[in-house]
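Asks: coords please:
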Amino acid sequence: MTSLTVWHDGGCPLCRREIAAMRRLDRRGAIEFVDVSDGASACPIDRDALLARFHAREDGRMLSGAAAFAAMWRAIPLLRPLGLAARNPLVLAGLERAYRRFLRVRPRLQFLARKLERAR
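Replies: The predicted structure is shown next:
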């Protein structure tokens, strides 16, 4: 079985929702999810870098961005085909471009998500 650790920003409402969905799909418990937002968790790289982009370690190799998402998808049977497709350099490059665009709008989406949380 693949050894996979995923670091995420538990302070981000978008990240919390994404990780909650992945935990539900990870029925085999193949992924270790680590929240780095509280500063208490051990970080393999700079904590600010971990908070700025999605990171994962798959079989001892650090990945970030779309490659980290693809590793997470490969660990979840339902999403595995998408993760395997991302092994193709062209597919991964397209996913990375989309992820970088998302990062540009992430602060605004976080603001809106927090606003919605407070309204509940």
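
Asks: okay, the worst-scoring helix or strand of the chain on mean pLDDT in CSV with CA atoms only?
Replies: Here the helix or strand of the chain ranked lowest by mean pLDDT, DSSP states H and E is helix 47-52, holding a mean of 85. These are the backbone C-alpha positions of helix 47-52, laid out as CSV (Å, rounded to 0.1, in the frame of the first residue of the first chain):
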residue,chain,number,x,y,z
ARG,A,47,5.0,26.0,7.5
ASP,A,48,4.1,29.1,5.4
ALA,A,49,5.0,27.1,2.3
LEU,A,50,2.7,24.3,3.4
LEU,A,51,-0.1,26.8,4.0
ALA,A,52,0.4,28.5,0.7
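
Asks: show me which residues of the longest helix seen in the chain are buried.
Replies: Counting residues, the longest helix in the chain under DSSP state H turns out to be helix 89-119. Within helix 89-119, the residues scored as buried using 16 or more other C-beta atoms under 10 Å are Leu92, Leu95, Glu96, Tyr99, Arg106, Gln110, Ala113. For the C-beta atoms, the positions are set from N, CA and C on the backbone; glycine is no exception.
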